[in-house]
Each structure stands twice: as structure tokens, then as C-alpha cells.
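> Have a look; sequence and predicted model below, questions after that.
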Amino acid sequence: MVRSMDDADTLFLRGCIHMARILVVDDAAFMRMMVKTMVERAGHQVIAEAQNGHEAIHLYQQHKPDLVTMDITMPEMDGIEAVKRIKGQDAQAKVIMCSAMGQQQMVIEAIQGGASDFVVKPFQETRLIEAIQKVLAK
């Protein structure tokens, strides 16, 4: 059975990991809001939000976040191109790609382009937080 995080889980996670500064990138405002809520509930801070790859690159340079959550399919510049450019500027960048079901080839391209991990939409809160913890621990 999959469950969402409760207060005890949140307190446990806060004791285990430091607060990370996170950039959330998705063209859907609803998804950005959902990811932001999950991330903040786990004790992290969303320092900026972007709705396409161009904005993501600019905000990454400006804020130097600890981690980025990035949608793959976006207008203007997709997440695959954005992760390649971010990694080209900062080889240590930590990026978790978010993809819809059926985008396996795009996930492979994103990992080859430098993504640290991926989560499949619609994702469970626990899966996103586990991915964030894993990537931050690297």
C-alpha cells in the first residue's frame, strides 16, 4: 500500500538530511505547486520555479540550487536539452527528471544527458522525497 507522508515521516526526514535549496521546473503550474508542497513538507526550500528550459538555465545560474526537479516535456526548450546545458555549465549539478508514463526513451536520453535520477508522473510523494534524498547524498 502506498501512502503519503505524515508528520512523523516529515520530522524523521528533517533529522536525517539538511535542508536543500531546490529549483522546480515544469510547464504546468499545478505540477510545480504539487512538487513545491511535497518538497517543503520534507523540510527543503524551493528557491525558484521555472516553466521551461530557458528559464531553468537562467535561474540555475542565478541561484545555484542544491538540486533541480525538471519536467522532460516543456515548450521552448525541453528538459533534456536544459539538463545538458546545466551540466555543461556545472558538472556537479544534481537534476531529477520527471516524466510521464511511456516516455522511457526520453528518460534514457535525460540520464545520458546528465540527469541524476528520475521519477515517473504521476508520482507518489514518498518516491519523490526518496529520489531527492538519494541524489543529495551523492
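On my side now, so go ahead.

> Could you list the low-pLDDT ranges of this structure?
1-18, 101-102 (pLDDT under 70).

> Could you rerun that using 50?
Along the chain, the parts satisfying pLDDT under 50 run over 1-2, 8, 10-11, 13-15.

> what's the distance between the residue nearest to the spatial centre of it and Arg41?
By C-alpha atoms, centre = their mean, the mean C-alpha position of the chain lies nearest to Thr69, the distance being 1.4 Å. Going from Thr69 to Arg41 by C-beta to C-beta, to the nearest Å gives 14 Å. Yep, even glycine has a C-beta here, placed from its N, CA and C like the rest.

> can you pull out the helices in this protein?
Using DSSP state H, the helices of the chain run over residues 7-16, 29-41, 53-63, 79-89, 104-112, 125-137.

> looking at those, which is buried most?
The highest mean neighbour count among the helices of the chain, using mean count of other C-beta atoms under 10 Å, belongs to helix 79-89: a mean of 21.

> Check which helices and strands it is in contact with.
Contact analysis of helix 79-89 by 3 or more C-beta pairs under 8 Å, 6 or more residues apart in numbering; DSSP states H and E lists helix 53-63, strand 67-71, strand 95-100, helix 104-112 as its packing neighbours.
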